[in-house]
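>>> sequence and predicted structure are below.
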Amino acid sequence: MNQKFQSLKDYIIRDKGVVNGNKLEFLYSFKNFPLFFGCVDSPIEDDLIADMEWVIDKSTGAIQLSKLIPLEILYQEQHMDGTGPTWQKYYLDFAEYINSYNNSHNILEIGGGSGQLAKIVTSKNNLIKWTVIEPNPRIESSNQINVIDGFFDHKLCLEKGIDTIVISQVLEHIYEPSEFIKEISIFLNIGGKVILAYPQTKVWLDKKYTNAINFEHTFLIDDFIEYLFCKNGFKTLDKEIYKEHSIFYTFENKRIEYQNLEIPNKYDEYKKIFSSFISYHQSLIKDLNTKISESNLPVYLFGAHIFATYLFSFGLSKNIKGILDNSKIKQNRRLYGTPFIVSSPKILKGQGEVNVILKAGHFNDEIKKDIFENINANVNFW
């Protein structure tokens, strides 16, 4: 398969720790990993691959990629549309959290994606003017919502001052998080708030979820978020654990220099979690490949996303019937890095007994429930 792909020539090198700039120790490299996690209409010969190389900062334990993908390649189009009840509940709950801690009518959301959060919050308060800045927006401007196509920096000019910045599932995508937070501090007035939702990547990685760290989520720094904000002049006003999904924070821009900030050292803990993630999947793939070779039933893989990309990278057999996904922006398109055209799970209806490989992290239960109750009760999930 790799002979069909093109290897990336130009990386962005990150040779210092993202928490405090220390030197790094090599951990593991995934060779020839596809660069994009969505679905495309282009020919397979256009797909790019690169080595996904993980390193660790011995002084903090922060894990990160050492070679980064240029943003225009990595985010060539939007591949997230918030499909499914887990995401819908998240948007509703984070919107409620925002309304609890926001007292501003002028809000900037950095990385608004499909615009679902903007729509929910503005629907509950017609006085709010919400600006979204996003490189691949899937939302159009309206009376209350202004959409800017692009990336954020402190030079962004808006007609009205911003008192609250909302960041939902974005900070983990930023290549230099400390510099990004510094840019926010410069842009935001003193006393302004940042309301942040950050994924629990440490919990996900510990549970062996493949959407924890990758070319888009380029580091594991869950225990350093508050440190990074304090380092850049913010005060933590609130922290709330949201299920096993995210952590909600509210920070206030004090623009002051804190002295003698303590940095936790998570080296042993993080390295153990990462090593266990690797060994688990190496064993899992051996087991799944044996099942695929021995099965007389059709075998499908659910999840046209990083879930599938990781499994193939670990060596999952491509002798499967196809890939399934509920997202309409993925169906009838090819999963990047593979020859597979993605289908709706509705194709399982009436097939009788079939096998479905399902390793979609915290979305597993809702996917199983939907297929069992609405499509095919005879599916065997692996």
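Looks like it arrived, so ask away. Keep in mind it's a predicted model, so treat the numbers as computed, not measured.

>>> what mean pLDDT does the helix or strand hosting Ala118 get?
Element membership of Ala118, judged by DSSP states H and E, is helix 116-124. In this model, helix 116-124 has a mean pLDDT of 94.

>>> now for that helix, which elements pack on it?
With contacts defined as 3 or more C-beta pairs under 8 Å, 6 or more residues apart in numbering; DSSP states H and E, helix 116-124 has these neighbours: helix 85-101, strand 106-110, strand 129-134, strand 145-149. Any C-beta I mention is one placed from the backbone N, CA and C, and that applies to glycine too.

>>> neighbours of Val19, how many?
As a burial measure, Val19 scores 24 neighbours (other C-beta atoms under 10 Å).

>>> need the contact list for it.
Applying C-beta atoms under 8 Å, 6 or more residues apart in numbering to Val19 gives the contacts Asp57, Thr60, Ala62, Ser178, Ile221, Phe224, Tyr227, Leu228, Ile263.

>>> mind doing that once more with 6 Å?
Thr60, Ala62, Phe224 (C-beta atoms under 6 Å, 6 or more residues apart in numbering).

>>> among those residues, who's most crowded?
Within these, neighbour counts (other C-beta under 10 Å) peak at Ala62, which reaches 27 neighbours.

>>> residues in contact with stretch 200-212?
With C-beta under 6 Å, 6+ apart, stretch 200-212 has contacts from Leu220, Asp222, Glu244, Ile273, Phe277, Tyr280, Ile306, Phe307, Tyr310, Gly361.

>>> pretty sure the fifth one sits in a helix.
It stands for Phe277. Yes - counting by DSSP: H, G, I helix; E, B strand; the rest coil, Phe277 is located in a helix.

>>> how close does it sit to Leu284?
Using C-beta to C-beta, to the nearest Å, we find Phe277 at a distance of 11 Å from Leu284.

>>> with neighbour numbers in mind, choose between the two.
In this view Phe277 and Leu284 are compared by other C-beta under 10 Å, and Phe277 has more residues nearby, 21 against 17.

>>> low pLDDT regions in this protein?
1-3, 77-83 (pLDDT under 70).

>>> mind listing the helices for it?
Using DSSP state H, the helices of the chain run over residues 71-74, 85-101, 116-124, 177-187, 201-206, 225-231, 267-294, 306-314, 364-374.

>>> residues contacting Phe30?
Neighbouring residues of Phe30 by C-beta under 6 Å, 6+ apart: Met52, Ser313.

>>> now do Asn355
Asn355 neighbours (C-beta under 6 Å, 6+ apart): Ser295, Leu297, Val299, Asn380.

>>> nearest spatial neighbour of Phe219, skipping sequence neighbours?
Excluding the flanking residues, the one nearest Phe219 by C-beta to C-beta, 6 or more residues apart in numbering is Gln64, at 3.9 Å.

>>> and the end-to-end length of stretch 183-193?
14 Å (C-alpha to C-alpha, to the nearest Å).

>>> tell me which residues are up against that stretch.
With C-beta under 6 Å, 6+ apart as the test, stretch 183-193 has contacts from Asp153, His154, Asp163, Thr164, Ile165, Asn232, Gly233, Thr250, Glu252, Asn253, Arg255.

>>> what residues of it count as buried?
With burial defined by 16 or more other C-beta atoms under 10 Å, the residues of stretch 183-193 counted as buried are Glu183, Ile184, Ser185, Phe187, Leu188, Gly192, Lys193.
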